[in-house]
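Peer 1: the sequence and its predicted three-dimensional model are supplied below.
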Amino acid sequence: MSQDHVIRGPVPHYEELAALPSDELVARYALGVERIDKRIFDLTDDLLDTAFLESAGVGKWSVRVLLGHLAECEVLNTLRLRKTAAEEGPIFEGFDLEPYIDQGLYKLQPAGGSGDSARAACGAFIATIHTLRAWMHGWLLTVDDAVWVRNALHTKRGEFTFRGLLSLTVWHVEYHAAFIPKKVDLLTGRPGAASV
């Protein structure tokens, strides 16, 4: 992966992504997990499960919870994109994030292992995002102009076009991924550029 794919500086606004030509937006979508700092794979289970105080300025969630949230939303947004392309005016409900965390949905026992493993869970979350984006990327390259303007309704965010929903999906990963290098820096006490 080249240094160009690692986010430096502020995360782009949703509106910036929505204004990209379709081919550039799809290419940006395909980057997916390349936006995630690979140093997470050097962290122990305890570090991956370390939450942060708001005063740290890196978001309160642990790395595991953050990656679990990204995988959860990736599954949801993949379905939403496909429904928008296939159905007339689908309606999408929002969801409360906290019960997913509180009910332990981001825990995972590795095959052949015992006990919960944050490292195994984080690997599974990243693999989920990668697999869904690899699958969707091939399809997105075939989407015709009429699909890009199809509408869906989100009960909390209002009306979206297919393009708007794809832009939101790209933005979501980029937004949250921008916190990971800062979290890793704090956890390791070794500030540095995101590894590539």
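Peer 2: In hand now; what should we look at? Because the structure is a prediction, the values reported are computed rather than measured.

Peer 1: which residues touch stretch 169-177?
Peer 2: 7, 11-14, 17, 25, 28-29, 32-33, 35-37, 59, 66, 69-70, 73-74, 77, 81, 129 (CB atoms under 8 Å, 6 or more residues apart in numbering). C-beta coordinates here come from the backbone N, C-alpha and C atoms, glycine included.

Peer 1: roughly how far out does that stretch sit from the chain middle?
Peer 2: 5 Å (CA atoms, centre = their mean, to the nearest Å).

Peer 1: coming back round to it: just the buried ones from the contacts of stretch 169-177, in PyMOL syntax?
Peer 2: Selection command for PyMOL covering only the buried members of those, criterion 16 or more other CB atoms under 10 Å:
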select buried, resi 7+11+12+14+17+25+28+29+32+33+35+36+37+59+66+69+70+73+74+77+81+129
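
Peer 1: restricted to helices, list the contacts of stretch 169-177.
Peer 2: Counted as lying in helices by DSSP state H, out of the contacts of stretch 169-177, are 14, 17, 25, 28-29, 66, 69-70, 73-74, 77, 81, 129.

Peer 1: so can I have a markdown table of those residues showing distance to F160 and pLDDT?
Peer 2: Shown next, in a markdown table, are the ones in helices among the contacts of stretch 169-177 (distance: CB to CB, whole Å; pLDDT from 0 to 100):
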| residue | distance to F160 | pLDDT |
| --- | --- | --- |
| Y14 | 11 | 90 |
| L17 | 13 | 92 |
| L25 | 14 | 96 |
| R28 | 17 | 94 |
| Y29 | 15 | 97 |
| L66 | 24 | 97 |
| H69 | 20 | 96 |
| L70 | 19 | 97 |
| C73 | 14 | 96 |
| E74 | 17 | 97 |
| N77 | 11 | 97 |
| L81 | 10 | 98 |
| I129 | 21 | 97 |
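
Peer 1: farthest-separated two in these?
Peer 2: L25 and L66 (23.6 Å; CB to CB).

Peer 1: sorry, back to before: distance to W135 added to the ones in helices among the contacts of stretch 169-177, as a markdown table?
Peer 2: A markdown table is the format used below for these (distance: CB to CB, whole Å):
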| residue | distance to W135 |
| --- | --- |
| Y14 | 24 |
| L17 | 21 |
| L25 | 17 |
| R28 | 17 |
| Y29 | 12 |
| L66 | 23 |
| H69 | 20 |
| L70 | 16 |
| C73 | 16 |
| E74 | 11 |
| N77 | 13 |
| L81 | 11 |
| I129 | 11 |
